[in-house]
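Asks: got a predicted structure here, sequence first:
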Amino acid sequence: MAMRDLVTGGAACAVPGSSSSSNPFGALANTLIGSSSKTPVLKEIPTSTNTSSDGNVYLGTDEQLSTLPGSEFDHPLQPNGQGAQFLQGFHNADRGRFADAWEEIHNPQLPYSQGRGSLTHVPGIEHTIRPNNQLQPDFDGPPQRVLSSFLHSFVNSNQGGVLFHPSPLPVLGLSEGDKQCIRDRSSIMARHFFADKSEDFINAQVNALLSSLDIDGDTRARGPLPGRFRELDDYWNESQGMMKPGPHTADGWVTEYTQRRVEHGDPNTWAHSFEQQHGANGWASEFEHEQSQLASLNQMRGANIANLAAMEQTRMLAHTLAQNNDPKFQNSKFLQFVSKMSRGEIIMEDNQVKPNAVSAPGDWAAEYQQQFNGGHAWADQFAHEISRGPNGWASEFAAERDQHGSVDDQWVNEFSKLHVQDWVEEFGNQVGEGALGENSADNWANGYDDYLNEQAAARQRSESSRGVYEFSDMNPYVGHANPLKEGQELFRKGLLSEAVLALEAEVLKNPDNAEGWRLLGIAHAENDDDQQAIAAMMRAQEVDPTNLEVLLALGVSHTNELEQAAALKYLYSWLRHHPKYGTLARPEMSDSLYYADVARLFNEAAQMSPDDADVHVVLGVLYNLSREFDKAIASFKNALNLKPRDYSLWNKLGATQANSVQSADAIDAYQQALDLKPNYVRAWANMGISYANQGMYEESIRYYVRALAMNPKADNAWQYLRISLSCASRNDMMGACDSRNLDVLQKEFPL
Amino acid sequence: MSPDDNLLAVNNRVVSFLYPTTSFINKFTEFRRFQGVPSPPPPAQNSKYLNSGQMASSTQLKSDALLEQMKLHLSTDAGKEITKKIGLVYQFNIAPKKIGFNEEIYVVDLKKGEVKKGPYEGGKPDATFSFTDEDFFKVATGKMNPQIAFMRGAMKVKGSLIAAQKFTPDIFPKPSKM
């Protein structure tokens, strides 16, 4: 049977398809009931279906059928707990719309079948709906657990071929949507679990499950009209067709809206209603408004910055990507985004203002990506929306939904309560087996893949754009009278992140100030951000190509990044431009550098003046490059004899020892560095690395957290923290790590 | 459902239990296809530098540095823990720019606790990974998740998938920074 049939057949799976089509009584009954008013129906219809008789009904016993088979159709109306609850929804709704809702239920139309179709996206739904859960604190309540274990017992019943026994369950508060979902899924899955069993057995199993859950057999898809399936099938295809070609598929965000909106019968409702709220070009104008704000900000940054905009943007993209290590996280990125947005975290976390040039028109995915990275712009707009009305966007949204009838609301809300991980996993298995093959699952997966590819491509771009300095947004030091002096002062006090801001203000004001760029680079290096350090140092070098400190810093940073050729180049330049040792260098060498030659020259230099600490430092770095760690350690120790209060030297010694697996010694060296400079983020992070490399993960976590508390932008430390958390089996803190919640982490891991 | 389908179904169940993403499963099918594909051409160049101060200026791989550190790391107590925990042999084919071209081959033997250059000589490695230098560096330092790398095609896997799943950033020592 084609998988699509399984899906669109929905509950038909619970019943041999032939029986319903050969069921004129059902058709008649349904027609009668469907067109009559609700009150008589409630009175006339039997209230519950016995499991075994249900099975018989669908095995085609005419006698049973004559007892009014249409009854299944009206189970939503059962005046028992569930039915009453369901009806309550209608009563609560505006009376005037009741008839419409009623109509919709009994005459499933295009939107309905799409709604059903989207139900089959269970993994997708699970993710996209989840944001709603956060609005519902009771989401994880006992009913879910009950349901979960119940479903497990159902799944397990396939072992041994024992009949699954229906058991009384507490009221689970399942909505129509839940029920429908369970009904469809269980029918399909039962076909797989019990592949070796007879159809009767399967039906009995499914019916047992459904009756236990107080779910009636499907009313709609099992409909009385012959040809109904075909009809649904067409609708399904149509809806799939609608979803496929658009730019949506690449993007979970759009998919979500499509899936939700689709229930209202018009995928564009959302867009329409937005237009109604904001005028035809509301979105665009909001966007432009943001743009102009950004542009003006941009002008503050200095003329030469504008052309870096695009590259900064892509770097930011990579930055975002780098945080997404977990496939689960990747999958639920939208959810994270939304939840962050709703908490306002994105503003704080992603505070790089980027001039988001509007991408190709209609390219929603890219635009969303930009917004995601821009974060700011999006969040601003969101905040704007919130401040607009007392209840904010959410309630606007909700209100708008209300207008479309409470049925839909209920469906989404109730469904989101049904967050049953196991269920989804089982479904995942089915998808793996190809149960949903070509339709929903592939769509979803392909979309996700496209999305990944896009990101990967963007990432590649960002790699080529490395070395571009990325300015902070909202710099309070812009406009300061003497930001360089301020920056130097802050740097001396050890307030590295503040110093970075002041120095950025300085280089914005005087882009040709080599000292500003240099100190900025040093501050970044001490703040454990080598990418920014390299970028700043390269600007410093442009302005002043022979500055020895800059050349050494570049050599060190490239060594840290394991970029050996670049490191060697800068270290050699250091020698060549040194007033004393420059004569040692031969100009013809710079074309093709060989490590051994460079090392020999530095050894000569060290012999020339053994009291020059700098030569020993460069030698130490060089030996790090060639991983001759013993020699490197000796060189740094020589330098430290000459300059015992140089904290960065202690850190260099420690890092060298750590890389040559002398972690215990390294920790002593780092401690020396920290005694001299308590805010030395790099040394804190290195401490964490040393503990982690010794297998002391709990300790390492504390040091990483300390480093991050001082500089939340130290990406390496975040990544390492994540690894240590996983090694220490502290998965409970993974969420805090992924959302970069330092408050929680600091409380949990005090140093 | 043919017996072969059944096998696939079982495997998929395992995979999606660990990584409940549909696209991973998709890629897993690709993975199976990939297994059938003949291996990429053998490396054109072999080990030619380093370890004792001999360093070429241009073609140095970042992965060299990492794996050298790994070599040292495996001799420590923490390293021995890893050996004990994993107990598998991984082979890494690391290409400077493009997977399959000019690959350097490393064997990280987490049975014996060794890192060696050149193809594995003790039979078949439990899993063989192909990376570009940059991507290997990213995965080993936790900048990129192995599953994501796999899904992006940045990491190719041959051999046992179970063995491949034990390949995590955890097993690599982290480079400290000067």
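Replies: That came through, no problem.
Asks: below-threshold pLDDT in the chain: ranges please.
Replies: In the absence of a named chain, chain A is used. Along chain A, the parts satisfying pLDDT under 70 run over A:1-152, A:154-177, A:181, A:188-198, A:215-466, A:587-591.
Asks: let me rephrase: I mean chain B.
Replies: Where chain B drops to pLDDT under 70, the residues are B:1-59.
Asks: residue contacts, the closest residue to residue B:118 other than its chain neighbours?
Replies: Leaving aside its sequence neighbours, residue B:118 sits nearest to residue B:105 (C-beta to C-beta, 6 or more residues apart in numbering or on different chains; 5.7 Å). The C-beta positions use only the backbone N, C-alpha and C, and glycine is treated the same way. Going by C-beta atoms under 8 Å, 6 or more residues apart in numbering or on different chains, residue B:105 touches B:43, B:91-94, B:117-119.
Asks: change it to 6 Å
Replies: Neighbouring residues of residue B:105 by C-beta atoms under 6 Å, 6 or more residues apart in numbering or on different chains: B:93, B:118-119.
Asks: those residues in strands, which ones?
Replies: residue B:93 (DSSP state E).
Asks: thought residue A:564 was touching residue B:60?
Replies: Yes - counting by C-beta atoms under 6 Å, residue B:60 is a contact partner of residue A:564 at 4.3 Å.
Asks: which bits of the stretch 551-700 of chain A sit near chain B?
Replies: A:556, A:560, A:562, A:564-565, A:593-596, A:626-627, A:652, A:655, A:658-659, A:661, A:686, A:689, A:693-695 (C-beta under 6 Å from any C-beta of the partner chain).
Asks: before we move on, back to that, helix, strand or coil for the residue nearest to residue B:118?
Replies: With DSSP: H, G, I helix; E, B strand; the rest coil as the basis, residue B:105 sits in strand.
Asks: against residue B:129, how distant is it?
Replies: 11 Å (C-beta to C-beta, to the nearest Å).
Asks: go on, residue B:121?
Replies: 18 Å.
Asks: for residue A:584, same thing?
Replies: According to C-beta to C-beta, residue A:584 stands 44 Å off from residue B:129.
Asks: which one of those two is surrounded by more residues?
Replies: More crowded of residue A:584 and residue B:129, by other C-beta atoms under 10 Å in any protein chain shown: residue B:129, with 25 against 15.
Asks: that one contacts residue B:91, correct?
Replies: No - using C-beta under 6 Å, residue B:129 is not in contact with residue B:91, being 7.2 Å away.
Asks: coming back round to it: which residues does the residue nearest to residue B:118 form a beta bridge with?
Replies: residue B:93 (DSSP bridges).
Asks: repeat for the one 4 residues further on
Replies: Counting by DSSP bridges, residue B:109 is bridged to residue B:89, residue B:114.
Asks: and the gap between it and chain A?
Replies: The gap separating residue B:109 from chain A is 18 Å, by C-beta to the nearest C-beta, to the nearest Å.
Asks: distance-wise, check that residue relative to residue B:96.
Replies: 24 Å.
Asks: check residue A:483 too.
Replies: Relative to residue B:96, and taking C-beta to C-beta, residue A:483 is found at 42 Å.
Asks: who has more neighbours, the two?
Replies: Counted by other C-beta under 10 Å, residue A:483 and residue B:96 do not tie: residue A:483 has more neighbours, with 25 against 18.
Asks: my guess is that one contacts residue A:504, does it?
Replies: No - with contact defined as C-beta under 6 Å, residue A:483 does not count as touching residue A:504 (8.2 Å).
Asks: residue B:74 contacts residue B:112, doesn't it?
Replies: No - counting by C-beta under 6 Å, residue B:74 does not reach residue B:112; the two are 9.0 Å apart.
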